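Colleague: How does the following fold in three dimensions:
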Amino acid sequence: MLWVLLTAVPTSRAAKNEIIWQPCEITLNGEKVTADCATLTVPENRQNPTARQISLPVMRIRATGSNPAEPIFYLTGGPDLSNMKFRPPAALLAKHDVVLVGYRGVDGSVKLDCPEVVTAIKGQNRDLFSAESQAGMAAAIANCGQRLRQEGVDLDGYTVLEVVEDMETARQALGYGRIHLLSESYGTRIAQLYAWRYPDSLFRSAMVSVNPPGRFVWEAEMIDAQLRQYADLYAQDETRQRTPDLAETIRQVNANMPDHWLFFPINPGKVKATTFVLLFHRQTAAQVFDAYLAAAEGDASGLALMSLAYDFVFPQMFVWGDLLAKGYSADFEAQRDYSQLAAPDGIMGSPIAQLTWPGAAGWETAVIPEIYRQAQPSDVETLLISGSVDFATPSRYATEELLPYLTNGRQIILAEMGHVSDVMTLQPEAAAHLLATFYDTGDVDDSLFQYMPMSFAVKMSFPQIAKMIVGAIGLIIPATAVGLWLLARRIRKKEGRDT
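Modeller: Residues are numbered from 1 along each chain as shown. Prediction:
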């Protein structure tokens, strides 16, 4: 049964929460410093008057300057990632406390692990998107949800709106007035909901790599458009002309992918899924393009490496239950046929969406009210920061689907940068200055950013790594054989002495 949250979430319990701080040691900018740590107790499901209580960690990193201004509450990406790992730059701490509140379902007393999905995500019949693989994934999702309920978890309490309520509960318990928000990727959705529900609690909100409503589902058409964008950039790089049309080369390789390289199998779906995740950031995107170009030239070793890497990386990459709970609650559409996510003539399809959304109906938990499943007007001072080649959260969505609703909104699009890591770490001083200036004055100053043209050069290519692995195996096998021969010889000698 599909339950829909139809009423406002009550917050009367928030005032009853008390924060008792304990000192805790963290590493900040390479140095050990003392922060404040505590546990926040909240209802598992605020829609249920008899809900059990769950606990969430809270950390406050104190401002380094005297007389700090409004605190900054941080909201990391995901969903499925811990919200407790952020370490703010000095520029933000100069005038602001930074507060981290653990995400329910990942941090704290309940973690929505799904070992069923960890197993099913590897697929069947050497085809990640085969009917058998998809059926296995759907069954794993349904079985995980059923098991968690049997263990006493109220899955209807793990929606994106409940995360918003956790943040507001923490704000009240800490005794803060208005706060700032710094959000990234999935966290920007939480920030949007917070602004719509609690505008009087907010001063300014900066969103990095913005995810508007409906965009937890990656669309194949947008992925193809972004690949063509990269192809245009590649065509402008006169030093790296290995194909006249990079996007078409990728299409052809995906359509005619070999099933093995040497003794390594190549699973096309796993290659595409690994490819998509690596396209989030420009450095790894260059490695992906190099591997596809090598495959078009007859060397599929890089694709084999990506196929192999999938089984080691993807099953443990996510807290799958949290990913399902938050994505489902925000964007699941019961009437949509998610088996049709990839067009037959597309370049890449939508690999991660194809993995998860066709079986998502089996999760069967709460979705948030329709009013929160679409953009709402907001007067909160908001800064949207996007990379122009961000595959995870395309800048165009923020421009067209969210910015028009922000009365006091501005957007900065950083040329040829990808997802969060590109924006925050490629030019960290510029990013810190942009954020600090916005929080302190409301001005948007991106003057420290310098244009960094996309480089398609790679220092260590995937084909090189694959061949190094084969070389290492080539050394290990003879060494192992010699070791076994010496061991056998010693055993024979010992047996000869014993007799």
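Colleague: where in this structure is pLDDT low?
Modeller: Scanning the chain for pLDDT under 70 picks out 1-17, 239-240, 474-499.
Colleague: mind giving me the domain split of it?
Modeller: 12-112+153-213+374-441, 220-316 (automatic domain parsing).
Colleague: Residue 470: which of those is closest?
Modeller: Closest of those to residue 470 is domain 220-316, at 6.6 Å (criterion: Cβ to Cβ). Any C-beta I mention is one placed from the backbone N, CA and C, and that applies to glycine too.
Colleague: Need the domains of the chain in CSV (columns: mean neighbour count).
Modeller: Below are the domains of the chain laid out as CSV (neighbours: other Cβ atoms under 10 Å):
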stretch, mean neighbour count
domain 12-112+153-213+374-441, 20
domain 220-316, 19
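Colleague: Next, format those as a markdown table and append distance to residue 457.
Modeller: Below are these laid out as a markdown table (distance: least, Cβ to Cβ, whole Å):
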| stretch | distance to residue 457 |
| --- | --- |
| domain 12-112+153-213+374-441 | 14 |
| domain 220-316 | 7 |
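Colleague: wait, which of those domains is closest to residue 121?
Modeller: Per Cβ to Cβ, nearest to residue 121 of these: domain 220-316, 5.3 Å.
Colleague: chain center to that closest one: distance?
Modeller: A distance of 20 Å separates the centroid of the chain from that of domain 220-316, by Cα atoms, centre = their mean, to the nearest Å.
Colleague: Could you report the distance from residue 271 to residue 213?
Modeller: 31 Å (Cβ to Cβ, to the nearest Å).
Colleague: whoops, I mixed them up, residue 458
Modeller: Taking Cβ to Cβ, one finds residue 458 at 36 Å from residue 213.
Colleague: quick one, helices of the stretch 151-300 of the chain?
Modeller: 160-173, 186-197, 220-235, 246-255, 268-278, 282-296 (DSSP state H, counting those that start in this stretch).
Colleague: isn't there a strand covering residue 56?
Modeller: Yes: the assignment for residue 56 is a strand, going by DSSP: H, G, I helix; E, B strand; the rest coil.
Colleague: Pretty sure it sits against residue 100.
Modeller: No: counting by Cβ atoms under 8 Å, residue 56 does not reach residue 100; the two are 10.1 Å apart.
Colleague: Can you show me the strands along the stretch 351-499 of the chain?
Modeller: Assigned by DSSP state E, counting those that start in this stretch, the strands in the stretch 351-499 of the chain fall at 381-387, 409-414.
Colleague: now for the last one, which elements pack on it?
Modeller: Contact analysis of strand 409-414 by 3 or more Cβ pairs under 8 Å, 6 or more residues apart in numbering; DSSP states H and E lists strand 381-387 as its packing neighbours.
Colleague: what about the strand it packs on, distance to the chain center?
Modeller: 18 Å.
Colleague: Show me what it is packed against.
Modeller: Checking 3+ Cβ pairs under 8 Å, 6+ apart, strand 381-387 ends up next to strand 202-210, strand 409-414, helix 420-425, helix 428-441.
Colleague: Could you check the angle the last one makes with strand 409-414?
Modeller: Between the direction of helix 428-441 and that of strand 409-414, the angle (axes from the mean of the first three to the mean of the last three Cα atoms, to 10 degrees) works out to 170 degrees.
Colleague: how big is the angle separating helix 428-441 from strand 381-387?
Modeller: 170 degrees.
Colleague: what's the angle from helix 428-441 to strand 202-210?
Modeller: Using the same axes, to 10 degrees: helix 428-441 against strand 202-210 is 150 degrees.
Colleague: Output helix 428-441 as CSV, nothing but the C-alphas.
Modeller: Extracted in CSV, the C-alpha atoms of helix 428-441 (Å, rounded to 0.1, in the frame of the first residue of the first chain):
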residue,chain,number,x,y,z
PRO,A,428,39.1,26.0,-2.9
GLU,A,429,40.1,29.6,-2.0
ALA,A,430,37.7,30.9,-4.6
ALA,A,431,34.9,28.7,-3.4
ALA,A,432,35.4,29.6,0.3
HIS,A,433,35.5,33.3,-0.6
LEU,A,434,32.3,33.1,-2.6
LEU,A,435,30.5,31.4,0.3
ALA,A,436,31.9,33.5,3.1
THR,A,437,31.1,36.7,1.2
PHE,A,438,27.6,35.6,0.5
TYR,A,439,26.9,34.6,4.2
ASP,A,440,28.5,37.8,5.6
THR,A,441,27.1,40.4,3.2
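Colleague: Which elements pack onto it?
Modeller: Going by 3+ Cβ pairs under 8 Å, 6+ apart, helix 428-441 lies up against helix 90-93, strand 202-210, strand 381-387, helix 420-425.
Colleague: chain center to the first one: distance?
Modeller: Computed by Cα atoms, centre = their mean, the chain-centroid distance of helix 90-93 equals 24 Å.
Colleague: contacting residues around the helix or strand that residue 109 is a member of?
Modeller: For residue 109, the enclosing helix or strand under DSSP states H and E is strand 107-111. Applying Cβ atoms under 8 Å, 6 or more residues apart in numbering, the set of residues contacting strand 107-111 from outside is 39, 44, 54-57, 82-84, 102, 104-105, 153, 319, 321-322.
Colleague: Just the buried positions in the following helix or strand past it, please.
Modeller: Using DSSP H and E, the helix or strand that follows strand 107-111 in sequence is helix 115-120. Going by neighbour count (16 or more other Cβ atoms under 10 Å), the buried part of helix 115-120 is 116-118, 120.
Colleague: Let me have the helices and strands packed on helix 428-441 in TSV, extended by distance to residue 394.
Modeller: Shown next, in TSV, are the helices and strands packed on helix 428-441 (distance: least, Cβ to Cβ, whole Å):
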stretch	distance to residue 394
helix 90-93	27
strand 202-210	9
strand 381-387	8
helix 420-425	13
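Colleague: All set, thanks.
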